[in-house]
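Undergrad: Pasting the sequence and the predicted coordinates here, then a few questions.
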Amino acid sequence: MDKRKALVRGAVIAAIVVIIVGMFFIKKGTAKEDASVIESVIPVATDSLIYGPLELTGPFDLVAYRSSGLPTIIDFGADSCAPCKEMAPVLEELYRELQGKAIIRFIDVWKYGDIAQGYPLKVIPTQMFFDATGKPFTPTESVQLPFNQFMTRDTNEHVFTTHEGGLTKEELLSVLYEMGMKK
């Protein structure tokens, strides 16, 4: 009886191994089909990130924006703030003109203050800048604007670059080119 049980166990184990190996080869044969499905989904996600709405009204993934390969400006302001109202047409114009070259986003901190939590904001408007490599913008002497650079206390890592106050279209364009935007 013990030999018979051992043979049955062996046969069951062998059958399981054959099934697993068979599934592996079947799955391997469809890997190209799976890859094409994945590739067709990824650009949609990227397109929605790049071509998404100007105004952010809910939580957003800053890591995704930073990994987009495009320079990114996020403006924190309000629809009812005077300097923000002056800057609104500039943001709208650049948002339309630079689709696919840069990411421009706006957050109304009075309407959606919860999504602005955790960012270094003292006044509005405040713009946050990330270059095309996803790093916080490091201004050079050629950009004659006042910037704030924020570092972590423990590692002194550069985590944010901001500008406080309104900016003109020309000023924003000069920063975007400096951050790696293609002409």
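TA: Nice, I can see it. Being a predicted model, the structure only gives us computed values, none of them experimental.
Undergrad: rest of the way, CA atoms for contacts and neighbours
TA: OK.
Undergrad: so G166 sits right up against C84, yeah?
TA: Yes - with contact defined as CA atoms under 8 Å, G166 and C84 form a contacting pair (6.8 Å).
Undergrad: Spell out which residues are contacts of both of those two.
TA: P125 (CA atoms under 8 Å, 6 or more residues apart in numbering).
Undergrad: Please state the offset of stretch 166-174 from the chain centre?
TA: 22 Å (CA atoms, centre = their mean, to the nearest Å).
Undergrad: Identify all contacting residues around it.
TA: Taking CA under 8 Å, 6+ apart as the rule, stretch 166-174 contacts 83-84, 86-87, 90-91, 94, 125-126, 143.
Undergrad: Put the buried members of the residues you listed into a PyMOL selection.
TA: Buried members of the contacts of stretch 166-174, defined by 16 or more other CA atoms under 10 Å, are picked up in PyMOL with:
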select buried, resi 83+84+87+90+91+94+125+126
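Undergrad: Mind putting the contacts of stretch 166-174 into CSV with distance to G52, secondary structure and pLDDT?
TA: Formatted as CSV, those follow (distance: CA to CA, whole Å; DSSP: H, G, I helix; E, B strand; the rest coil; pLDDT from 0 to 100):
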residue, distance to G52, secondary structure, pLDDT
P83, 24, helix, 94
C84, 21, helix, 95
E86, 23, helix, 95
M87, 20, helix, 95
V90, 18, helix, 97
L91, 14, helix, 97
L94, 14, helix, 97
P125, 21, coil, 97
T126, 21, strand, 97
V143, 28, coil, 85
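Undergrad: Closest to F106 out of the contacts of stretch 166-174?
TA: Comparing the contacts of stretch 166-174 against F106 with CA to CA places L91 closest, at 7.9 Å.
Undergrad: need the contact list for that closest one.
TA: Contacts of L91 (CA under 8 Å, 6+ apart): 104, 106, 169.
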